[in-house]
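Chemist: Only the shape, not the letters, is given here:
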């Protein structure tokens, strides 16, 4: 708990003076004002995060948190839990969806076992397991409050380690069979939305089983009665270890004043938890893409951040977030390399 408290206590607002200076420069660049849309807003945000007019991203990393969910006992997922173990290893080897995207962006892949049911023997997967998967939330709380906090701190520790190695931008990712179920449960509680309205197919769950998945989520919420005003209570009762660890990554990035890229549905739910713990963390978040998962739009609306891309992705793993590294480089480049009207000798009325 001490690491979490320390990290939250270090989070400060974005640098408004740096943002104002960046906005003034961007508005005077040799283009119509606002013509580069969200790229301009991102450029200003990065200046506010780093307190630099021309920030550099430094090294890049995709941090993938892998964990299993006991609620899979209820038949809410189409794949067996061993897939979490297999895919965590494959992600670490760079041969799943996120691998080529991260490689193209020049980003390091870091995979952490924060709570898989079956640990992998792949040495590339960092072992920081809290427990061998959560308990079945349809029968009892998914984990204890202490375990939820420890999982958050695993995320903080992992991010801090990468930042200490010179990483200046982090993308969040996850791997865990059943984690659209836990994400939907958390979102349902936090946003006050009926599970039947936001429950989707996840990793290709047959449509005829989606109602049963929603029923399981509703049952878990009614059984555990999580306190919407206490994000740690919600996380521990109906959340997942991967969600907790990603929330920790986001808090750590904000504390160290570097941008953190939010991936799709599950990452956005983790962002909700992080922002409920400390609202200032939202200023450091870069939302990447609009996930095609059913509850994703509601999650983004509740978080209050609009994703920059809409490519109908729903893979997870940090695959959409990894695409944002290149876009962030573009946002930095326009402010750094474009000239202003004044510098071009052009008078503008």
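Modeler: Done, it's in. Since the structure is predicted, the reported quantities are computational estimates derived from the model, not experimental observations.
Chemist: tell me the domain ranges of the chain?
Modeler: What automatic domain parsing lists as the domains of the chain is 2-55, 59-329.
Chemist: Identify whichever of these lies nearest to residue 343.
Modeler: Among the domains of the chain, the nearest to residue 343 by C-beta to C-beta is domain 2-55 (7.8 Å). Glycine gets a C-beta too; all of them are placed from N, C-alpha and C.
Chemist: residue ranges for the helices of the stretch 151-300 of the chain, please.
Modeler: Assigned by DSSP state H, counting those that start in this stretch, the helices in the stretch 151-300 of the chain fall at 179-191, 195-198, 210-224, 231-238, 241-255, 265-277, 296-303.
Chemist: and among those helices, the most buried is which?
Modeler: For the helices of the stretch 151-300 of the chain, the largest average neighbour count (mean count of other C-beta atoms under 10 Å) is found in helix 241-255, namely a mean of 32.
Chemist: quick one: that one to helix 231-238, angle?
Modeler: In terms of direction (axes from the mean of the first three to the mean of the last three C-alpha atoms, to 10 degrees), helix 241-255 departs from helix 231-238 by 160 degrees.
Chemist: Go through the domains of the chain and pick out the most buried.
Modeler: Highest mean neighbour count of the domains of the chain: domain 59-329, a mean of 23 (counted as mean count of other C-beta under 10 Å).
Chemist: Now do that one: distance to the chain's middle.
Modeler: Here the centre of domain 59-329 is set off from its chain's centre by 6 Å, with C-alpha atoms, centre = their mean, to the nearest Å.
Chemist: Ok, stretch 24-41 next?
Modeler: Its chain's average C-alpha position is 27 Å from that of stretch 24-41, according to C-alpha atoms, centre = their mean.
Chemist: avg pLDDT for it?
Modeler: On average, the pLDDT along stretch 24-41 is 96.
Chemist: Kindly report the same for stretch 126-137.
Modeler: Averaging pLDDT along stretch 126-137 gives 98.
Chemist: What lies in contact with it?
Modeler: Applying C-beta atoms under 8 Å, 6 or more residues apart in numbering, the contact partners of stretch 126-137 are 67-71, 73-74, 81, 110-119, 141-143, 147, 150-151, 154, 157-158, 182, 185, 220, 223-224, 237-238, 240-241.
Chemist: quick one: which of those sit in strands?
Modeler: Judged by DSSP state E, these include 67, 110, 111, 112, 113, 114, 115 as members of strands.
Chemist: what's the helix or strand for the closest residue in space to the fourth one that isn't next to it in sequence?
Modeler: Of all residues beyond its chain neighbours, the one nearest residue 112 is residue 126 (4.6 Å), with distances taken as C-beta to C-beta, 6 or more residues apart in numbering. For residue 126, the host element (DSSP states H and E) is strand 125-127.
Chemist: Equivalent analysis for residue 65, please.
Modeler: Secondary structure from DSSP H and E places residue 65 in strand 59-67.
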